[in-house]
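> No sequence on hand, only this structure:
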């Protein structure tokens, strides 16, 4: 299957065999205390774990629109709730989609998608969003951070504790491979770092004989 094919490829490439190219999720300090608990205690099954990914996608869309409007998400000018954010950035009163046309709903829905490929028993799940995105230099403090305070003080987003999305990794096959790919939204990429697309691969750390 695709997971075995990926694993065989990784085993055949020197860049992946060099352990200095792998880092503990959440930072080097997590290598001492472990990050196992954060991954294993999030969701009781795969469905809410997948929903958590969509939650983060919705947050990313709202944060993109907020920043495009030139509003600091943590400021008093920012929305104080998700319905208010949806009304402010999408023009949908009280965030209520019941009065929105089917065409408009589809336009908005296309910015967040779940795509399944492969077989039914072991599908490959792709979660896509057209949100704010992240520059590769910022992956460690955003996608790969753990228990940080990235969204603390932002009242209109759902993800607050910077750990919920790790729960999906538990359900990613035998090796727990999860690929994250992103680029910063062009309208927000003012850092001068360049408009580049980056990726990072997550896996369960294979224990050496000494570690076992």
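Nice, I can see it. It should be emphasised that the depicted structure is a prediction, and the values quoted were computed from it without experimental measurement. Numbers count the residues shown, from 1 in each chain.
> Which residue comes closest to residue 61 once chain neighbours are left out?
residue 131 (4.7 Å; C-beta to C-beta, 6 or more residues apart in numbering). C-beta here means a position set from N, CA and C on the backbone, and glycine is covered the same way.
> gap between residue 147 and residue 164?
With distances taken as C-beta to C-beta, to the nearest Å, residue 147 is found 11 Å from residue 164.
> if I look at the two, which residues touch both of them?
Contact criterion C-beta atoms under 8 Å, 6 or more residues apart in numbering; residues shared by residue 147 and residue 164: none found.
> Those two - which one has more neighbours?
Higher neighbour count among residue 147 and residue 164: residue 164, with 20 against 12, using other C-beta atoms under 10 Å.
> just checking, the more buried one touches residue 54?
No. Using C-beta atoms under 8 Å, residue 164 is not in contact with residue 54; the gap is 11.1 Å.
> just the helices in the chain please.
Applying DSSP state H to the chain gives helices spanning 2-12, 14-17, 30-33, 36-40, 46-68, 82-90, 102-109.
> who wins for proximity to residue 184 among those?
Closest to residue 184 of the helices of the chain is helix 46-68 (C-beta to C-beta; 10.0 Å).
> so the closest one versus helix 102-109, what angle?
Relative orientation of helix 46-68 and helix 102-109, computed by axes from the mean of the first three to the mean of the last three C-alpha atoms, to 10 degrees: 90 degrees.
> Residue numbering should commence at 511 henceforth.
Yes, from this point I'll number from 511; that puts the last item at helix 556-578.
> who touches helix 556-578?
552-553, 583, 588-589, 592, 595-596, 599-600, 621-622, 624, 635, 637-643, 661, 664, 666-669, 674-675, 677-678, 680-681, 695, 697-698.
> so of those residues, which ones are in strands?
622, 624, 635, 637-639 (DSSP state E).
> I'd like to know which of those are buried.
622, 635, 637, 639 (16 or more other C-beta atoms under 10 Å).
> Surely the last one and residue 619 touch.
No. Applying C-beta under 8 Å, one finds residue 639 not in contact with residue 619, separated by 11.0 Å.
> now stretch 663-683, how far from the chain's geometric center?
8 Å (C-alpha atoms, centre = their mean, to the nearest Å).
> and what of stretch 522-533?
23 Å.
> now the end-to-end length of it.
19 Å (C-alpha to C-alpha, to the nearest Å).
> before we move on, what about stretch 601-613?
15 Å.
> One more: stretch 663-675?
19 Å.
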